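> okay, structure incoming, though there's no sequence with it:
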């Protein structure tokens, strides 16, 4: 028996700089649809500039995610962090393992290039990340803003982290201080 769930999933990767404008347009359209109008220009800016993972099918782009570099300060050390952004699966292909395949590819990028992986999970995405071994950060979260430290208590409980292969998870008794960016800080 052959179903979409049992077919091998081919995930392609590319850096933003290597993507054609039509591909970027397709990614943006997928994200706009998946987030039902709650995906703005700042969200798009957060999604580009790193490595993208894609799944295409006979109807076009079916799934996407990207990992971009961020700096996270923890206990006086600046951690090179692979931050996962823009994970989405086209509505007709959800619950078929595509998000899992995209995340597996992005985790491989994190393992090879970063010390830590991090992502801000929606309620819908949290189960996928937990099933893949991502852990909710139990410590404090803040950002280093232009005017100093900006606590992010409203983000606590939604930030998921995973150490890169061979690295340990940072001590949650110490806060994570994320680099500043426009829009949502996580």
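Perfect, I can see it now. All figures in this text were calculated on a predicted structure; none of them were measured in a lab.
> need the contact partners of the longest helix belonging to the chain.
Secondary structure of the chain per DSSP state H: the longest helix is helix 98-113. The contact list for helix 98-113, computed with C-beta atoms under 8 Å, 6 or more residues apart in numbering, reads 9, 11, 13, 51, 53-55, 62-67, 80, 82, 84, 87, 89, 116-117, 125, 128-129, 131-132, 162, 164-165. C-beta coordinates here come from the backbone N, C-alpha and C atoms, glycine included.
> now, which of the residues you listed lie within strands?
Using DSSP state E, 13, 51, 53-55, 62-67, 80, 82, 84, 87, 89, 116-117, 162 are the members of those that sit in strands.
> picking that back up, quick check on the contacts of helix 98-113: which are buried?
9, 11, 13, 51, 53-55, 62-67, 82, 84, 87, 89, 116-117, 125, 128-129, 162, 164 (16 or more other C-beta atoms under 10 Å).
> what separation do you get for residue 167 and residue 65?
Using C-beta to C-beta, to the nearest Å, residue 167 is found at 21 Å from residue 65.
> how near is the spatially most central residue of the chain to residue 105?
What sits nearest the mean C-alpha location of the chain, by C-alpha atoms, centre = their mean, is residue 84, with 1.7 Å. Distance from residue 84 to residue 105, counting by C-beta to C-beta: 11 Å.
> return every residue with contacts to both of those two.
In the contact map built from C-beta under 8 Å, 6+ apart, the residues linked to both residue 84 and residue 105 are residue 65.
> burial check on residue 97, number of neighbours?
18 (other C-beta atoms under 10 Å).
> my guess is it meets residue 9, correct?
Yes: Residue 97 is within contact range of residue 9, at 6.3 Å (criterion: C-beta atoms under 8 Å).
> what residues does the nearest residue to residue 116 once chain neighbours are set aside make contact with?
Leaving out its chain neighbours, the residue that sits closest to residue 116 by C-beta to C-beta, 6 or more residues apart in numbering is residue 81, at 4.6 Å. Residues counted as contacts of residue 81 (C-beta under 8 Å, 6+ apart) are 69, 70, 71, 72, 114, 115, 116, 117, 118.
> what bridges to residue 81?
Per DSSP bridges, the residues bridged to residue 81 are residue 70, residue 116.
> from residue 11, how far out is it?
Between residue 81 and residue 11 the computed distance is 22 Å (C-beta to C-beta).
> if I look at residue 79, how far off is residue 114?
8 Å.
> so residue 154, which state does it fall into?
Following DSSP: H, G, I helix; E, B strand; the rest coil, residue 154 is assigned to helix.
> please begin residue numbering at 54 from this point
Got it, the first residue is 54 from now on, which makes the last one we talked about residue 207.
> number of nearby residues for it?
Residue 207: 9 neighbours (other C-beta under 10 Å).
> residue 92 now?
Look at residue 92: counted by other C-beta under 10 Å, it has 18 neighbours.
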